[in-house]
Structure formats: structure tokens, C-alpha cells
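A.B. asks: give me the fold of what follows.
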Amino acid sequence: MTTVSRRYINLAIAGLVSGLMLGTAPSTFAAQDLSKVTLRIGDQTGATRAKLEAAGLLKDVPYQIEWSVFPAAVNLHEALKANAVDIGGAADSPTVSAIAGGSKIKVAAYFTNGGLGSSIIIPAGSPIKSIEDLKGKTISPTTRGSVAHYLTLGVLKKAGLTVNDVKLAFLTPTDASAAFQAGSIDAWGTWGVYKARSIGTLKATVLIDGPGVNTGNNVLSATDKALADPGKVAAIADFSDRVERGYKWSTENKDAFIDFYSAFTKQDRSTIESIYPDEAAYKRGTLDDAFAASLQNVFDTWKEAGVLTGSLNLSNYVYRDLPTN
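C.D. replies: Presented below is the predicted three-dimensional model:
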């Protein structure tokens with residue numbers, strides 16, 4: 001865990017300079033003195049921090065950040081539930097699973113790419129050519145309740161198959177990667193850096209992507225405790241704005257992003273260029289009734305599949321009062 005800090009000096013001017021440099025208006029939440037605020041951020045694989053640093057978006061942070069890195073959403077959500085971090089980003093499907101599991105969190109912001117990014121991949125030279133070919137095969141959806149688990153259930157349903165037609169092997173990302181490389185699983189539902197490394201290093205191929213099944217919603221969840229603290233709310237608003245500008249940087253600076261992510265994942269540029277559209281498609285969404293309904297649909301899908309039980313009104317877990325530019 002490391003700390004990023006900046007001495008608070010004349011934020012009104014700093015906000016104006018930042019806005020002019022980045023082509024945006026000064027932050028509406030920059031007027032508050034955040035110098036004594038520490039925001040504890042959970043980061044899957046360290047990718048968020050690394051990208052924001054590459055984009056130069058962590059140079060003027062008016063509060064302190066304590067970063068904690070987690071290998072997957074399930075681990076990040078365990079930390080949120082334990083109040084070990086204040087905020088963290090994950091797909092909507094594991095977030096809904098965490099809420100159903102009693103985590104006292106709310107979605108404070110979200111970004112969507114229409115379902116890109118998560119995929120079911122197969123080894124190089126695999127005889128599997130379609131989802132129907134997965135019948136009788138072993139698939140790792142990575143962890144239970146993950147975005148890849150959600151994708152696996154959805155694509156099986158579209159192909160007229162059920163979980164009884166395949167063998168699901170729930171594994172951590174590291175164990176799933178090792179199993180995939182060893183040939184002990186026939187297909188792997190994965191995402192992000194794990195997908196990039198498998199395509200680049202192992203020459204895996206994508207059997208099917210997420211659009212049409214997954215929403216592609218990457219949500220920032222904050223604990224109720226953090227959202228009850230005005231200083232942390234202001235810091236969360238600022239951080240969410242930086243995440244949004246990070247996506248804009250990726251879209252507007254393709255070569256710089258590919259250079260950064262190639263180094264981060266230790267893969268060649270051609271591999272990263274092939275998955276660049278997943279990143280470039282992200283846009284910030286509005287936390288409205290339609291978004292709440294999409295969360296509700298995720299819950300209903302989990303429930304139909306027998307992954308979750310009970311009832312939830314997901315609109316109660318959307319925080320709509322975050323200041324934005």
C-alpha cells in the first residue's frame with residue numbers, strides 16, 4: 001500500500017489550470033480543502049493507478065490516496081465489506097453479488113463499453129469452434145459471481161445449454177491461468193490483463209465476447225461509511241472524475257495507451273492493439289432509473305441461475321448525489 005499526496009494550495013487556480021490543460025471546466029468539487037482527507041482505493045491488478053499515472057492524472061491530487069491491489073473483484077469486494085477500503089472498481093455482476101452478500105456499499109459512478117472486455121477464450125489449436133461445442137467440456141468462469149461467470153451463464157443459455165451440460169471449475173485468476181496453460185480446462189472466462197496475457201503469450205483465441213450478454217458496466221462502489229463523510233464524498237467525486245478523464249486519455253491517445261498497457265501486461269504492441277477497442281469504448285454513464293434497472297436485471301439473472309437467492313431492490317444501492325462536473 002502506498003500513498004500519493006499533494007499540499008493543498010489555492011485549489012480554485014489549480015482547478016482552472018487543470019481544466020484548461022485537459023479541456024474541461026474547473027472541478028465543481030475543487031473548492032473544498034481536502035488536504036486532510038485520505039481516500040483508500042481498491043485497485044484490481046493495479047491497472048487503474050498505473051493508467052492514471054501514465055496519463056499524468058495523479059500529479060495534482062488534493063487528498064491522500066492509499067492504494068490496495070487485489071487480483072480480482074471478489075477480493076476487492078471482500079475488502080469493501082470489511083471496510084478495509086473506501087472505494088473500488090469492478091463489473092456490475094460481482095458488485096451485485098457482493099451487495100446480495102450483505103456488503104454495505106453503493107454504486108457512486110459507472111463507466112460502460114457495451115459488454116466488451118470479458119471473453120471466453122480457448123487454447124491455440126482447440127477443436128472448439130462454437131459455444132455448442134462446449135457441451136461436455138470443462139470451463140473455468142474464474143471466480144464464482146464474477147463478470148466471467150455471468151458471461152458463461154449467458155452464452156450457455158443463448159446456445160440452449162445449461163450448467164448441467166458442462167463442468168464449471170471455479171478458480172482464482174492465477175489458478176485459472178495455470179490450468180488453461182496446462183490444458184486442464186477447455187475454455188476460460190476471463191477479462192483484462194489475464195485475457196491480454198493469454199492471447200499474447202499463449203496465443204489463445206476468443207470464442208465469444210461479452211456484448212449481448214454482459215452490460216460492460218464497470219462500477220465504482222463506495223462504502224456507506226465513506227459516503228457519510230463529506231470530505232470523502234468530495235474526494236470520491238474527484239477520483240471518479242479522474243477515472244473518467246483516464247478513459248478519455250485512452251481514447252484520445254491510442255499510441256500512448258498501447259505503449260503503457262504493453263509495458264504493464266508485458267505483451268507486444270500488436271496484442272494490445274487487438275484489445276484496444278475494449279478500452280476505447282468506455283464512456284461514463286448516468287446513475288438513473290435505467291441504470292438501477294440494469295442492476296436489477298443482473299440480480300434477477302443471478303437468481304434465475306441459482307447463484308443468488310432472496311430479494312433486493314437495487315435502486316437502493318445507487319448513490320445519486322455525487323457532485324460531477
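
A.B. asks: any idea where the helices of this structure begin and end?
C.D. replies: Using DSSP state H, the helices of the chain run over 11-22, 47-54, 73-81, 92-100, 147-158, 173-182, 192-202, 224-227, 230-252, 254-265, 269-280, 289-304.

A.B. asks: report the angle between the third one and helix 147-158.
C.D. replies: Which is helix 73-81. 130 degrees (axes from the mean of the first three to the mean of the last three Cα atoms, to 10 degrees).

A.B. asks: got it, and the last one?
C.D. replies: Counting by the same axes, to 10 degrees, helix 289-304 points 70 degrees away from the direction of helix 147-158.

A.B. asks: contact partners for the closest residue to Pro94 other than its chain neighbours?
C.D. replies: Excluding its sequence neighbours, the residue lying closest to Pro94 (Cβ to Cβ, 6 or more residues apart in numbering) is Ala73, at 3.8 Å. Any C-beta I mention is one placed from the backbone N, CA and C, and that applies to glycine too. Contacts for Ala73 (Cβ atoms under 8 Å, 6 or more residues apart in numbering) come out as 44, 90-91, 94-95, 143, 146-147.

A.B. asks: out of these, who's nearest Ala222?
C.D. replies: Nearest to Ala222 out of these is Thr95 (Cβ to Cβ; 11.3 Å).

A.B. asks: farthest pair within the contacts of Ala73?
C.D. replies: Thr95 and Thr143 (13.3 Å).

A.B. asks: ok, those two, which is more surrounded?
C.D. replies: Shown here are Thr95 and Thr143; by other Cβ atoms under 10 Å, Thr95 has more neighbours (32 against 23).

A.B. asks: I'd like the distance between the more buried one and Leu312.
C.D. replies: Distance, Thr95 to Leu312, using Cβ to Cβ, to the nearest Å: 12 Å.

A.B. asks: quick check: pLDDT value at Gly192.
C.D. replies: Gly192 is assigned a predicted lDDT (pLDDT) of 87.

A.B. asks: now Leu20
C.D. replies: On pLDDT, Leu20 comes in at 33.

A.B. asks: in stretch 251-261, what counts as buried?
C.D. replies: Residues of stretch 251-261 classed as buried by neighbour count (16 or more other Cβ atoms under 10 Å): 257-258, 260-261.

A.B. asks: could you do stretch 130-144 as well?
C.D. replies: Buried residues in stretch 130-144 (16+ other Cβ under 10 Å): 131, 133-134, 139-143.

A.B. asks: likewise stretch 33-41?
C.D. replies: So for stretch 33-41, counting by 16+ other Cβ under 10 Å, buried means 34, 37, 39-41.

A.B. asks: and stretch 162-180, by the same measure?
C.D. replies: 163, 166, 168-169, 171, 173, 176-177, 179-180.

A.B. asks: what pLDDT is listed against the nearest residue to Gln296 once chain neighbours are set aside?
C.D. replies: Using Cβ to Cβ, 6+ apart and skipping residues adjacent in sequence, the residue nearest Gln296 is Leu314, 4.6 Å away. Leu314 is assigned a predicted lDDT (pLDDT) of 98.
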